[in-house]
Every structure is written in structure tokens, then in C-alpha cells.
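In: Next one to model:
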Amino acid sequence: MLKGNFFRGLGYLGEGFRLIRQPGLRLFVVIPLVINILLFGVLFFFLGELFAGLVAAAMAWLPDWTWLQSLDWLFWILYGAVILLMLAYGFVIVANLIGSPFYGYLAELTEKHLTGQEVNTDDSWASIIKDIPRALWREVQKILYYLPRAIGLLIIGLIPVVNLVAAVLWFLFNSWMMALQYVDYPADNHKVSFPALRRLLGDTRLSAFGFGLPVALAAMVPVLNLFVVPAAVCGATAYWVREKGATRN
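Out: Predicted coordinates for the structure are as follows:
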């Protein structure tokens with residue numbers, strides 16, 4: 001039986017957007033935001049031709065059946081949605097690789113703001129720099145978890161008719177991955193391993209899907225996806241503070 005509260009999960013991203021406006025958190029929102037703007041500019045330059053090429057390649061797999069050809073427009077929309085989801089999460093992966101040391105500290109400051117308790121007494125810039133290798137390895141673990149599952153869903157999405165289900169599975173998978181991606185920051189601050197985090201989120205799976213769904217959708221929207229990353233970090237920290245406590249009840 002699925003546990004958690006889907007609608008409660010939906011509210012955490014909105015709370016994250018409110019939290020990033022707090023004076024004590026703004027610096028660690030602005031720095032990675034500037035990095036993300038530069039990164040987004042480069043990715044946007046190559047996005048058009050890559051998108052068109054991927055859709056054309058996927059459509060070429062369709063057999064020349066009359067009733068399937070009449071649904072070309074539907075398959076184009078489905079393939080386009082899947083590819084857009086892949087590109088959205090790809091942007092998140094690269095942005096998080098670059099900004100992960102800042103996001104870990106942003107999660108720490110957010111938790112202190114929410115609970116009034118210190119998470120880590122060493123808050124110097126030297127500590128942030130020292131944590132870069134560990135933070136990058138944490139991101140690599142998430143990529144290694146994501147890639148084989150994404151490839152499997154991509155293969156399913158190339159099968160006519162079955163790809164109707166694949167699009168739904170992609171939305172569910174990306175919602176789950178967004179929850180894993182961002183709740184990992186406060187979890188890492190508490191030395192919780194990535195496998196242990198997956199089990200913890202599994203205990204409140206409905207809340208995780210509720211949190212991850214709007215993050216996944218926002219990541220697909222140009223310009224908004226620049227701001228959703230720090231907001232998701234703050235929202236995920238609120239998720240950690242409240243949902244982790246709920247798993248003990």
C-alpha cells in the first residue's frame with residue numbers, strides 16, 4: 001500500500017519558492033542561478049536541431065500501417081513529451097553537477113531556518129570547497145541510478161502502441177527522480193546514504209510523487225526551470241523535515 005499524502009507533497013515546491021526569498025538564503029540562490037543562466041543559454045542554442053532530429057528518428061521507426069500513420073500527430077506529441085522530459089532532467093543533472101556544493105549548503109541553511117537547529121557547525125567557504133568531490137560523487141550516484149531506467153523506458157517508447165503507456169511511465173519516473181534528486185541534499189547533510197534515501201522516500205511514496213510532479217513540469221518550462229532548482233532544494237528540505245518525521249510515527 002502506498003503511503004504518504006500526494007496533495008501535501010504538491011505544496012512543498014510552493015513553499016520552496018517562498019523560502020528562496022528569505023534574506024539569509026538569497027546568496028546561495030543567486031550564485032547557482034547565475035551559473036544556471038549561463039548553462040541554459042548554451043543548451044538552448046543546441047536545443048532546436050537536437051529536438052527535431054530525435055523526433056524524426058523516433059518517427060522513422062513507425063511501420064507503414066494505415067491506421068498508425070493516421071495517428072502521426074499523436075505519436076509526435078508523445079515522443080516530443082518524452083524527449084522534452086529527458087532534456088528537462090538532463091538540464092537538471094548538469095545544473096546540479098555544477099551547483100551541488102551550493103545546494104547542499106542551501107539545504108543546510110533552509111533546515112536551520114525551519115527548525116532553528118544547526119545541521120553542521122562548519123559553515124565556512126573552505127568547508128564548501130572541501131565538500132565538492134563528495135557532492136559530485138553523490139550526483140554521479142543519482143545519474144547511475146537514472147540512466148539504465150531511462151534507457152529502458154526509451155526503448156519501450158520506441159515500440160508503437162506500447163509507447164502510449166511509456167509516456168505515462170516517463171512522467172511517473174521523472175516525478176520520482178525529481179524527489180530523489182532534491183531530497184538527497186538534506187539527506188546528505190545528515191549522512192544518509194543514497195540507497196537509504198530511496199527506502200525513506202519509498203515510505204512516503206505518495207508525498208514523493210506529489211513533490212516531484214510539479215518540479216518535473218516546471219523543469220520543462222524555459223526560464224522557470226532556472227528558478228525551480230533552488231526552490232526545489234528548499235522545498236525538498238521542508239519535505240525532509242516534515243516527511244522524515246512522519247515516517248517515525
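
In: C-alpha from now on. contacts and neighbour counts both.
Out: Fine.

In: Which helix or strand in this protein has the lowest average pLDDT?
Out: helix 66-69 (a mean of 52; mean pLDDT, DSSP states H and E).

In: Listing request: residues of the protein with sub-threshold pLDDT.
Out: 1-2, 40, 43-93, 120-131, 160-161, 163, 222, 245-249 (pLDDT under 70).

In: Look up how far residue 208 lies from residue 228.
Out: According to C-alpha to C-alpha, to the nearest Å, residue 228 stands 16 Å off from residue 208.

In: what's the answer for residue 12, then?
Out: Counting by C-alpha to C-alpha - residue 12 and residue 208 are separated by 10 Å.

In: Compare those two (neighbour count), which wins?
Out: Taking other C-alpha atoms under 10 Å, residue 12 and residue 208 do not tie; residue 208 has more neighbours (30 against 26).

In: show me what contacts the more buried one?
Out: 4, 6, 9, 175, 176, 179, 201, 202 (C-alpha atoms under 8 Å, 6 or more residues apart in numbering).

In: so which of those residues is the most crowded?
Out: Top of the contacts of residue 208 by neighbour count (other C-alpha under 10 Å): residue 179, with 29 neighbours.

In: Determine the number of other residues adjacent to the nearest residue to that residue once chain neighbours are set aside.
Out: Distance criterion C-alpha to C-alpha, 6 or more residues apart in numbering; nearest residue to residue 179, sequence neighbours excluded, is residue 212 at 4.7 Å. Neighbours of residue 212 under the rule other C-alpha under 10 Å: 32.

In: wait, isn't residue 212 in contact with residue 171?
Out: No: Residue 212 lies out of contact with residue 171 (C-alpha atoms under 8 Å); the separation is 9.7 Å.

In: what's the closest residue to residue 198 other than its chain neighbours in contact with, if anything?
Out: Closest residue in space to residue 198, ignoring its immediate chain neighbours: residue 180 at 7.0 Å, by C-alpha to C-alpha, 6+ apart. By C-alpha under 8 Å, 6+ apart, residue 180 lies in contact with 197, 198, 201.

In: what about residue 197, how many residues close to it?
Out: 16.

In: nope, residue 221 is what I meant
Out: Counted with other C-alpha under 10 Å, residue 221 comes out at 13.

In: now residue 178
Out: The burial count for residue 178: 25, using other C-alpha under 10 Å.

In: What of residue 186?
Out: Using other C-alpha under 10 Å: residue 186 sits among 28 other residues.

In: how close does it sit to residue 17?
Out: Counting by C-alpha to C-alpha - residue 186 and residue 17 are separated by 17 Å.

In: quick one, helices of the protein?
Out: For the chain, helices defined by DSSP state H occupy the ranges 6-19, 27-59, 66-69, 72-115, 125-130, 132-157, 163-189, 194-203, 205-218, 224-246.

In: Packing partners of the last one?
Out: Helices and strands touching helix 224-246, as assessed by 3 or more C-alpha pairs under 8 Å, 6 or more residues apart in numbering; DSSP states H and E, comprise helix 6-19, helix 27-59, helix 72-115, helix 163-189, helix 205-218.

In: would you turn the contacts of residue 180 into JSON lines with distance to residue 239?
Out: Below are the contacts of residue 180 laid out as JSON lines (distance: C-alpha to C-alpha, whole Å):
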{"residue": "197", "distance to residue 239": "13"}
{"residue": "198", "distance to residue 239": "14"}
{"residue": "201", "distance to residue 239": "10"}
